[in-house]
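A.B. asks: the sequence isn't on hand, but the structure is:
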């Protein structure tokens, strides 16, 4: 039997990838890593700013966490770093607890993630129902879109509140400060990102020259966010547009490496941060392992090790806060970019982190000119692609059960109106309740024969706490049966039995004994048989006496 602790099996996927690594794969990983590193730059800045942090918090998270997740992770191609799913959570924590406490929560969440992987809990994340995942993913996408309206419209809101209704109210009060230049840049960014991958097909239809078509096809290999960031920043700077930039809000990006710093830490503070810590850990686990599953399907690489991935995510989130970073997890957009660019091993993720560091150190002075409206446009595009909007259409909803619709729409509503923590907690509790209801509906007790002196029932499904009441009919029948009857339970189709089920069987046994009868349970499956023997009920049946306090 494997040990419950996974530390002896701490084996990063990088070690397996090096077994048959060659020069050809290295150059493919080099190109893919460089591409993803360039893509990660605008996203990292945008995620940090939208989360209420300085842009360098996102950049150094992408570098440090991205490097550690690729170096130590359980996936061959997953890229780690700041993710859009964390924007709403991080912003709320910063507003309520402050940046220093965000760093403490992130480090504590890292400890929880590492412990989850250490104790082999990675596979449990797969038990989160798909309806809940779709609901909170779409909810987060809506919150990202709403959070970017301020910078997209160029509104002068001094401090944005955390909850959605307060944000809408604050923006409505300042609608008179609408900046058409900021809106034009943001709208052009979104439109350009939508059209950029479609440009080769449009050119093929409108321009007959093959050389131009090939040139356009080659040009569109450059990531769209980079093209939008560079071109629209040049437009803003060249025409001296009156829009807010990274420089005007944050003063630019530090040109050197981040320093190691310990946040103020005390157990009293940690006790107050239980909820945000659990939220970061839960969301990080779900996002990273869902991303790894997508990567497995797209890349065709060997399946990821979920426990190793959680341990790597944990280490990354423990380390990055000491350099001013934010929570990190697996990122679907950058992971898919890595795969499509030819990445096939964790080397690509390591190259992505190194590339990003080099670009930042060389181009940090230029980042001060980046308009915030352009970063808002990039995040709006991310939010639009992040949501699974087709799942909410009437045609799709009709295909789902009422339970699925209730979970998905309820989680979506709670995410938007309250927060992700409430949504996931309520969603999981509701999913458990609906599952219990459905499982109890599958249990049945059917009268098979009534040939005195034998009364035979056939039982189906799982006899557990949610279905034990359905045995009452057999108990009532036994209480009214003629004396000396033998009651037989055919348990061929009984697949599960718990302690409450045993108690229900004991009630039936007492009712049968009260009429001087005999209870027999036949054709038991392994699990029910083990429970009956372990509980001592098998001895009671053999002895023909009920359970007593004295044993």
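C.D. replies: Yep, it's here. What you see is a predicted model; the values in this text were computed from it and never measured.
A.B. asks: only C-alpha atoms from now on, for both contacts and neighbour counts.
C.D. replies: Fine.
A.B. asks: any idea which helix or strand of this structure has the worst average confidence?
C.D. replies: Least confident element among the helices and strands of the chain, by mean pLDDT, DSSP states H and E: helix 267-272 (a mean of 76).
A.B. asks: pLDDT value on residue 402, please?
C.D. replies: Predicted confidence (pLDDT) for residue 402: 85.
A.B. asks: tally of neighbours for it?
C.D. replies: 11 (other Cα atoms under 10 Å).
A.B. asks: and the gap between it and residue 409?
C.D. replies: 10 Å (Cα to Cα, to the nearest Å).
A.B. asks: now residue 309
C.D. replies: Distance from residue 309 to residue 409, by Cα to Cα: 30 Å.
A.B. asks: cool, residue 487 as well?
C.D. replies: 47 Å.
A.B. asks: comparing those two, which residue is more hemmed in?
C.D. replies: Of the pair residue 487 and residue 409, residue 487 is the one with more neighbours under other Cα under 10 Å, namely 25 against 21.
A.B. asks: so the more buried one, which state does it fall into?
C.D. replies: Three-state call for residue 487 (DSSP: H, G, I helix; E, B strand; the rest coil): strand.
A.B. asks: pretty sure it contacts residue 452?
C.D. replies: No - contact criterion Cα atoms under 8 Å: residue 487 and residue 452 do not qualify, at 9.9 Å.
A.B. asks: so what touches stretch 499-517?
C.D. replies: Contacts to stretch 499-517, defined as Cα atoms under 8 Å, 6 or more residues apart in numbering, come from residues 463-465, 468-469, 471-472, 474-475, 478-479, 481-487, 518-519, 531-532, 535, 537, 541, 544-547.
A.B. asks: quick one, which of the residues you listed are buried?
C.D. replies: Neighbour counting by 16 or more other Cα atoms under 10 Å classes 463-465, 468, 471, 474-475, 478-479, 481, 484-487, 518-519, 531-532, 537, 541, 544, 546-547 among the contacts of stretch 499-517 as buried.
A.B. asks: average model confidence for stretch 375-385?
C.D. replies: Mean predicted confidence for stretch 375-385 is 88.
A.B. asks: off-centre distance for that stretch?
C.D. replies: 19 Å (Cα atoms, centre = their mean, to the nearest Å).
A.B. asks: same thing with stretch 298-312?
C.D. replies: 15 Å.
A.B. asks: so which bits of that stretch are buried?
C.D. replies: 299, 304-312.
A.B. asks: likewise for stretch 82-102?
C.D. replies: Buried residues in stretch 82-102, counting neighbours by 16+ other Cα under 10 Å, are found at 82-95, 97, 99, 101-102.
A.B. asks: what packs against the helix or strand hosting residue 66?
C.D. replies: Here residue 66 sits within helix 55-72, counting by DSSP states H and E. The contact analysis (3 or more Cα pairs under 8 Å, 6 or more residues apart in numbering; DSSP states H and E) places helix 55-72 against helix 13-17, helix 23-50, strand 80-81, helix 306-319, helix 346-363.
A.B. asks: identify each buried residue in whichever helix or strand comes after the least confident helix or strand of the chain, please.
C.D. replies: Downstream of helix 267-272, the next assigned helix or strand under DSSP H and E is helix 274-299. Of the residues in helix 274-299, 276-293, 295-296, 299 count as buried by neighbour count, 16+ other Cα under 10 Å.
A.B. asks: what sits up against stretch 429-438?
C.D. replies: So stretch 429-438 is in contact with 129, 403, 407, 466, going by Cα under 8 Å, 6+ apart.
A.B. asks: how many residues are close by the third one?
C.D. replies: Around residue 407 there are 25 other residues, counting by other Cα under 10 Å.
A.B. asks: for stretch 87-94, give the mean pLDDT please.
C.D. replies: Mean predicted lDDT for stretch 87-94 stands at 87.
A.B. asks: stretch 534-542 too?
C.D. replies: On average, stretch 534-542 scores 89.
A.B. asks: do the same with stretch 435-448
C.D. replies: 86.
A.B. asks: now the residue nearest to residue 176 when sequence neighbours are not counted. Its backbone dihedrals?
C.D. replies: Closest residue to residue 176 apart from its sequence neighbours, by Cα to Cα, 6 or more residues apart in numbering: residue 155 at 8.0 Å. Per-residue torsions, residue 155: phi -80, psi 150 (degrees, to the nearest 10).
A.B. asks: mind checking pLDDT for residue 155?
C.D. replies: With respect to pLDDT, residue 155 has a value of 92.
A.B. asks: and residue 370, by the same measure?
C.D. replies: 90.
A.B. asks: kindly report the same for residue 122.
C.D. replies: Looking at residue 122, the pLDDT reads 84.
A.B. asks: ok, it - how many residues close by?
C.D. replies: So residue 122, with other Cα under 10 Å, has 21 neighbours.
A.B. asks: for it, give its distance to residue 428.
C.D. replies: 17 Å.
A.B. asks: ok, residue 314 next?
C.D. replies: 23 Å.
A.B. asks: quick one, which of these two is more surrounded?
C.D. replies: Per other Cα under 10 Å, whichever of residue 314 and residue 428 has more neighbours is residue 314, with 32 against 18.
A.B. asks: so who does that one touch?
C.D. replies: When contacts are counted by Cα under 8 Å, 6+ apart, residue 314 touches 109-115.
A.B. asks: skipping its backbone neighbours, what lies nearest it in space?
C.D. replies: residue 110 (3.9 Å).
A.B. asks: ok, back up a step: what angle sits between the helix holding residue 66 and helix 346-363?
C.D. replies: Here helix 55-72 runs at an angle of 160 degrees relative to helix 346-363 (axes from the mean of the first three to the mean of the last three Cα atoms, to 10 degrees).
A.B. asks: and the angle from helix 55-72 to helix 23-50?
C.D. replies: 150 degrees.
A.B. asks: for helix 55-72, what is the distance to the chain centroid?
C.D. replies: Centre to centre, stretch against its chain (Cα atoms, centre = their mean), the figure for helix 55-72 is 19 Å.
A.B. asks: same check, this time on stretch 465-480
C.D. replies: Centre-to-centre, stretch 465-480 and its host chain are 42 Å apart (Cα atoms, centre = their mean).
A.B. asks: contacts for it, please.
C.D. replies: Contacts for stretch 465-480 (Cα under 8 Å, 6+ apart): 436-437, 439-441, 443-445, 487, 498-501, 504-505, 507-508, 511-512, 514-515.
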